[in-house]
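Visitor: Next comes the sequence, and after it the predicted model I'd like to discuss.
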Amino acid sequence: LVLGGAFVLSTILALAFRGHQTDINCFTAWAGHAANVGPWKFYTTGMWADYPPGYILVLWLVGLIGKLFGMGTAGIGFAYLVKLPAILADVFSAYLVYKLAKKRFSEKSALCFCALMALNPMSLLDSAAWGQIDSILTLLAIGSLLCYTQGKKPWAAALFVLGVLVKPQMLVFGPLLAAAFIADIVRVPKQGFKELGISALYGIAVLLVVVLPFSPGQEPLWLWNKYTSAAGSYPYATVNAFNLYALFGGNWMGDGTELLFGITVKHFGIAMIVMMCIVSIVLFLAAKEKKAIFPAAAVLQWGIFLCSHAMHERYLFPAILLLMISYCLYGEKKLLAAFGCATTVTFLNSVVCLFNDSQALLGTPLYVVFVSLLNIAGFAVCVNACLSALWPKETEEEQTQKPQPLNRIPHDDTPHRMHKKDWLLAL
């Protein structure tokens, strides 16, 4: 009932709002073009597209369905078809939360947490109203991390590679996942290397299956060039992400701007990425349990969104599901607060970008400053919540339940006199 209601609500929003003009026009045009020329000619027939081939395959199928029913790419029905995969990913994410929550909480509580995800305002805005695919990327990331915690490393690698082929932002989780694999090799070298080899084969298989249909007529390094050109297409401190840079008026400021002593925004951003990767890896390794990869990934995602350059307004989106799943695994209530903060920050950041021109967000408008400060506060809540989950403090009730040491007989230094009965017993 919850999932069905969320799907109906998403459908209503998807039909009421065509979506972000630039994004939805790109997706509908790519879907139509892929349906007309096929994947093998998609990149070689003059169509501009900065997305890698992973999601183009999905749009190809969408385009074929639209073509089958005679839909034009400009119609609202075709736009709904384009949004549908992301909407379904939101529904499945909520169902995943329900399944994980049932293992720790009651049926009623699990349904409540499921509803928090299914009716999450940011999910509805991003997939149904905006028409973006962050929910698909997030689901692939969660799937990869979940497979790792369940000992299914080859599938973790396969889903990671698939995520990178859908959106490059999946690379954020690469260092953390790599550290997890290496830690397992250090603990059990023989088994670890074996699993690594099999995982590499799974990843390569996914890469070939997705990329080969697009490769006819392409140069050998075409995919590498696609990623490098996409990475350089936003040379700015921040692209409407209300973070540290936006707080000081850096929205759409060039990333070559010098900050101090010749250090540019880009240099600082790269340093922050490295630092956040190190912090998340240390958190994961210090916790000494596989499920710790979820709160560590949440800290990593939020830290990069807050401190790195070239961030877009929606890039905090994966942290929402990461924090909810962390709560389902650990039961630390502070993680729910962090989940609420992530939802609030991402929604407030994205909704104003959907309905306003970027020119209105330049400089330091009060709204931008407020959300940027909220972002910083939210990150502090996130870090505190994850630390509390990984290293919980004992409650008074838990302390009283511990076995107490046996009471010793108190030592009495006062002299003792023997009475008649004592003498008789002694004799």
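Guide: Yes, it's here. Here the structure is a predicted model, which is why all the values come from computation and not from measurement.
Visitor: in the stretch 251-400 of the chain, which spans are helices?
Guide: For the stretch 251-400 of the chain, the helices defined by DSSP state H, counting those that start in this stretch cover 265-287, 293-307, 317-330, 334-354, 366-390, 396-401.
Visitor: now the stretch 101-250 of the chain
Guide: When secondary structure is read from DSSP H, counting those that start in this stretch, the stretch 101-250 of the chain shows helices at 107-118, 121-123, 134-149, 153-166, 174-187, 189-211, 222-231, 244-247.
Visitor: By neighbour count, which bits of the longest one are buried? Give me those.
Guide: Pointing back at helix 189-211 there. Residues G192, E195, L196, S199, Y202, G203, V206, L207, V210, V211 are the ones in helix 189-211 that count as buried (16 or more other C-beta atoms under 10 Å). Any C-beta I mention is one placed from the backbone N, CA and C, and that applies to glycine too.
Visitor: And the residue positioned nearest the centre of the chain, how far from S358?
Guide: In the chain, the centroid-proximal residue (C-alpha atoms, centre = their mean) is P318; its distance is 2.5 Å. For P318, the distance to S358 (C-beta to C-beta, to the nearest Å) stands at 23 Å.
Visitor: go on, G232?
Guide: From G232 across to S358, the span is 19 Å (C-beta to C-beta).
Visitor: got any ranges where this protein has weak pLDDT?
Guide: Low-confidence segments of the chain, defined by pLDDT under 70: 394-427.
Visitor: mind running it again at 90?
Guide: By pLDDT under 90, the low-scoring segments of the chain are 1, 46, 72, 217, 229-234, 355-364, 393-427.
Visitor: Confirm for me that I133 is in contact with A86.
Guide: Yes: with contact defined as C-beta atoms under 8 Å, I133 and A86 form a contacting pair (4.8 Å).
Visitor: Which of the helices of the stretch 101-250 of the chain has the highest mean neighbour count?
Guide: helix 244-247 (a mean of 25; mean count of other C-beta atoms under 10 Å).
Visitor: so what does it touch, helix or strand wise?
Guide: Judged by 3 or more C-beta pairs under 8 Å, 6 or more residues apart in numbering; DSSP states H and E, the packing partners of helix 244-247 are helix 366-390.
Visitor: I'd like to check the angle between the helix it packs on and helix 334-354, please.
Guide: Relative orientation of helix 366-390 and helix 334-354, computed by axes from the mean of the first three to the mean of the last three C-alpha atoms, to 10 degrees: 160 degrees.
Visitor: Now do the buried residues in helix 366-390.
Guide: For helix 366-390, burial by neighbour count (16+ other C-beta under 10 Å) applies to 368-369, 371-372, 374-375, 378-379, 381-383, 385-390.
Visitor: quick one, phi/psi of L57?
Guide: For L57, the backbone dihedrals (degrees, to the nearest 10) come out as phi -60, psi -40.
Visitor: Check E332 too.
Guide: E332 adopts backbone torsions of phi -80, psi 120, taken as degrees, to the nearest 10.
Visitor: who touches the closest residue to it other than its chain neighbours in this structure?
Guide: Ranked by C-beta to C-beta, 6 or more residues apart in numbering and with sequence neighbours excluded, the top spatial neighbour of E332 is A389, at 3.8 Å. Taking C-beta atoms under 8 Å, 6 or more residues apart in numbering, we find A389 in contact with P295, S326, Y330, E332, K334, L335.
Visitor: Could you double-check that L329 sits in contact with K291?
Guide: Yes: at 5.0 Å, L329 and K291 qualify as touching, with contact defined as C-beta under 8 Å.
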